[in-house]
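Student: turn this into a structure:
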Amino acid sequence: MADNAYLLPLQLERRQAAKLLPARVNNITLTSVISDDGVMLTQVRLEILPGDKRLLNLTLPKDARFWFAFVNQNGVWPWREQDRILIPLDQARPSGRGVPHGGITPVELYYSARVGSASSRALDLELLAPKFDLPLENITWRVSLSDKWQLKDWSGSLQLQREELVPHATVVDLQTYLQNEAAQQRERTKEAENFMAAGNTALEQGDPQQARRAFQAAFGLSAHDAAFNEDARVQLHNIKLQQALVGLNVRQSAASGDSGALGGKLRDLRDRKELSYTQQDAKDIIDRNPADDNAAFMRLAERLIQQQDAAVTSPAAIRASIPEQGRVLTFKRAVLVDA
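Tutor: Residues are numbered from 1 along each chain as shown. Okay, here's the model as predicted:
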């Protein structure tokens, strides 16, 4: 027989719940080229699931010079807060058929810095990366040097994976540059077309917010194609106008206490985090009003959109090309937390 008369002392300790990250960095790739006198130009490319995060916070190495940044391949205006640089993040790319990397926001930035001193026989370098306010995953850093230098010793938080000699490219003349630029523009046009198709699909599925993001992306990617860019601008303007009109009707219904069947639909829209409706819903909501009311709403909606568009401008930055030639060193690390 077992005696069940015993005491089991327990001590419980309550701990705080783990904090959820507002965003996640899927991968980060740094591509650097270093001159013989120790000056480095670096391109940093991140793929981020932004979640609720609206600003990417980074700190450059001391005395480094920030050049410019792109988000979703469009130039953005960052701003400084003491020694930190804040880059505004778009909401995640709209997902859908034909849209590459749906849900991911690509962020690209450039900076330059002096990383060491050189003599005729040695190049002593200290390579420092920017510090971000998020944990980093799948880190790759490719460093290009003149092939006259040989790596003798290194240390740091990344592991050297590969060392290779890449032949020097032929001298790029104007014609070659224009051909490369045309190829990049064709790729951007194809991606913009995919976004336009995804936007129209989102409208059919009753997701105007997703459609707006897709049309916004198509508009930003097609600046080089005047005709397509105008089509994207019109689509974007129309969805902005429709959202504003539906929103004004929702507010009016709330103020007047509309108890009809359509009023119930408006109350349901008011309770949602984002306006989600079909195109037929939008038509029913707008057609319920007299012509004079709709004309007044239209003027007000146009004014709101004009003010919003005037407050948001995108800089036209030149995308730099980092040459990978000579001695190319590849460093990697899986995860970096609290950099």
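
Student: output the lowest mean pLDDT helix or strand found in the protein.
Tutor: helix 261-270 (a mean of 58; mean pLDDT, DSSP states H and E).

Student: and the next element down the chain from it?
Tutor: helix 279-287 (DSSP states H and E).

Student: buried sites along that next one?
Tutor: Within helix 279-287, the residues that count as buried by 16 or more other CB atoms under 10 Å are 281-282, 285-286. Where you see a C-beta, it was placed from the backbone N, CA and C, and this is true even at glycine.

Student: what's in contact with the helix or strand following it?
Tutor: Counting by DSSP H and E, the next helix or strand C-terminal to helix 279-287 is helix 291-311. Residues outside helix 291-311 that contact it (CB atoms under 8 Å, 6 or more residues apart in numbering): 237, 240-241, 244-245, 248-249, 286, 289.

Student: secondary structure and pLDDT added to those, as TSV?
Tutor: Formatted as TSV, the contacts of helix 291-311 follow (DSSP: H, G, I helix; E, B strand; the rest coil; pLDDT from 0 to 100):
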residue	secondary structure	pLDDT
His237	helix	95
Lys240	helix	94
Leu241	helix	94
Ala244	helix	91
Leu245	helix	91
Leu248	helix	88
Asn249	helix	85
Ile286	helix	87
Asn289	coil	85
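
Student: show me the strands in the stretch 101-250 of the chain, by range?
Tutor: Along the stretch 101-250 of the chain, counting by DSSP state E, counting those that start in this stretch, strands occupy 105-114, 116-118, 123-125, 131-132, 136-145, 159-166.

Student: partner strands of the second one, with direction?
Tutor: Applying DSSP bridges, strand 116-118 is found paired with strand 123-125 (antiparallel).

Student: follow-up on the earlier one: closest one of the buried residues of helix 279-287 to Gly156?
Tutor: Ala282 (56.4 Å; CB to CB).

Student: who's in contact with that closest one?
Tutor: Residues near Ala282 by CB under 8 Å, 6+ apart: 208, 242, 245-246.

Student: how is the protein partitioned into domains?
Tutor: According to automatic domain parsing, the chain comprises the domains 24-169+323-336, 177-311.

Student: one step back: tell me which of the strands of the stretch 101-250 of the chain lies nearest to Arg212.
Tutor: The closest of the strands of the stretch 101-250 of the chain to Arg212 is strand 105-114. By CB to CB, the value is 15.7 Å.

Student: for that closest one, what is the average pLDDT?
Tutor: Throughout strand 105-114, pLDDT has a mean value of 94.

Student: stretch 21-30 now?
Tutor: 90.

Student: now it: how far from the chain's centre is it?
Tutor: 11 Å (CA atoms, centre = their mean, to the nearest Å).

Student: which residues touch that stretch?
Tutor: Against stretch 21-30 from outside (CB under 8 Å, 6+ apart): 42-53, 89, 104, 129, 132, 134-142.

Student: try it again with 7 Å
Tutor: Here stretch 21-30 makes contact (CB atoms under 7 Å, 6 or more residues apart in numbering) with 42, 44-53, 104, 129, 134-141.

Student: related to what we said a few turns ago, distance to Pro9 for the domains of the chain - can I get that in JSON lines?
Tutor: Below are the domains of the chain laid out as JSON lines (distance: least, CB to CB, whole Å):
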{"stretch": "domain 24-169+323-336", "distance to Pro9": "39"}
{"stretch": "domain 177-311", "distance to Pro9": "48"}
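
Student: which of the ones you listed comes out lowest on mean pLDDT?
Tutor: Among the domains of the chain, domain 177-311 carries the lowest mean pLDDT (a mean of 84).

Student: now do it: distance from first to last residue.
Tutor: For domain 177-311, the first-to-last residue distance is 34 Å (CA to CA, to the nearest Å).

Student: now do it: distance to the chain's middle.
Tutor: With CA atoms, centre = their mean as the basis, domain 177-311 stands 21 Å off its chain's centre.

Student: before we move on, what about stretch 331-339?
Tutor: 21 Å.

Student: buried residues in it?
Tutor: Neighbour counts over stretch 331-339 (16+ other CB under 10 Å) mark 331, 333, 336 as buried.

Student: on the three-state scheme, the first one is what?
Tutor: Of the three states, Phe331 takes strand according to DSSP: H, G, I helix; E, B strand; the rest coil.

Student: would you check that it makes contact with Gln159?
Tutor: Yes - under the criterion of CB atoms under 7 Å, Phe331 makes contact with Gln159 at 6.4 Å.

Student: distance to Asp37 added to the buried residues of stretch 331-339, as TSV?
Tutor: Below are the buried residues of stretch 331-339 laid out as TSV (distance: CB to CB, whole Å):
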residue	distance to Asp37
Phe331	22
Arg333	28
Leu336	29
